[in-house]
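Undergrad: coords please:
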Amino acid sequence: MVVTTEYVSVPSSASPIRTFVAAPKAEGKYPAIWCYSDIFQLTPPMLRACVRLAGYGFVAAAPEIYARIEPPGTALAFDDAGRTRGQEDAAKTPVAHFDADCRAGLDWLPTHPKVVRGKIGAMGFCIGGHLAFRGALQPDVRATVCYYGTGIHDGKLGQDADAGSLARANEIRGELLMVFGATDPHVPSEGRDTIDRALLQSRINHRTLLYPAEHAFMRDEGPRFDPEVTDLAFADMIQLFRRVFHA
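TA: Numbering: from 1, shown residues only. Here you go, the predicted model:
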C-alpha cells in the first residue's frame, strides 16, 4: 500500500509528545500500532520500519520516548556519544513517566481519522521492546510485539532498578510475541528463560521466537543488521497483527 507520513503533537500531562505517524493513503480506517524506538529515538531506520508497517494496512505511530527531556526533533547518532546520551536520558526517566506517556498515546490513537476504534497494538525495539511490553499491560492493547526487549528479565527500565514488568504479566489481556537474537548479550539465554517462565505461569497467550542474530539485528544501519532475519521477524509481526485485527 502507498503510505503518507506526518509528525503530530500528542497531548500529555507533561510536554506534548512529538510523534511520527505513517498511515495507508487509501481511504478507510485501519488498526493502529503504537511503535517504540530504541534509545536513539526517531532515527531513519525507525521511520523506515514504521513506513513499512503502515504499508501492510496499519496506522503506525512512533513517539519520541524522551519527549520530557530532549528538544522536539532530537534523533541521536549511532555512535558512542549518541549511545551514552540515550542511556543517560533513559536513566533520568521514571517508569511512571513512560507509562503515563504510553497512556496518552493510546488515548490519542482512536482520535486519528484513519484509525478504527477497538483495534490497538504495540511494538518496539530494544528499550522500546520493554516499553511495548509495558504497553501490553494496558487493557485496550490487543496484540504486542517485543523485539529484543531489554530489561524485561531483570526489571531494569529507565530510572527504576526494577520496574516489576514481569511481575505484572498476568495483567496482559492481548496476545504477545517475543522475538530475540540468539547471540544478544543484553538478553542472554537465562534471561529469555526467566521471561518464558513468567509468561507461562501467568498463562499469557504468547510465542517466543529465537533467531540466529545479534542485538538490534533489525536496525538497517550498522554491522549487526541481518536483512534475511529482519524479513522473517517482520513477517512474524504482520502475521500476528493481521490474525488478531482482521479475524
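Undergrad: CA atoms for contacts and neighbours, from now on please.
TA: Fine.
Undergrad: what about residue 243, how many neighbours?
TA: When neighbours are counted by other Cα atoms under 10 Å, residue 243 registers 11.
Undergrad: which other helices and strands contact the host helix or strand of it?
TA: Element membership for residue 243 (DSSP states H and E) is helix 227-245. Secondary-structure packing of helix 227-245 (3 or more Cα pairs under 8 Å, 6 or more residues apart in numbering; DSSP states H and E): strand 141-147, strand 175-181.
Undergrad: 7 Å instead?
TA: On a contact count with 3 or more Cα pairs under 7 Å, 6 or more residues apart in numbering; DSSP states H and E, helix 227-245 meets strand 141-147.
Undergrad: helices or strands up against the strand it packs on?
TA: For strand 141-147, the elements it packs on are strand 115-125, helix 127-136, strand 175-181, helix 227-245, judged by 3+ Cα pairs under 7 Å, 6+ apart.
Undergrad: how near is the residue sitting furthest away from the middle of the chain to residue 57?
TA: Going by Cα atoms, centre = their mean, the residue of the chain most distant from its centre is residue 27, 26.1 Å out. Using Cα to Cα, to the nearest Å, residue 27 is found at 11 Å from residue 57.
Undergrad: now residue 10
TA: The gap separating residue 10 from residue 57 is 22 Å, by Cα to Cα.
Undergrad: returning to that earlier point: a markdown table please, covering the helices and strands packed on strand 141-147 and showing distance to residue 196 and mean pLDDT.
TA: Formatted as a markdown table, those follow (distance: least, Cα to Cα, whole Å; pLDDT from 0 to 100):
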| stretch | distance to residue 196 | mean pLDDT |
| --- | --- | --- |
| strand 115-125 | 18 | 97 |
| helix 127-136 | 13 | 98 |
| strand 175-181 | 9 | 98 |
| helix 227-245 | 18 | 98 |
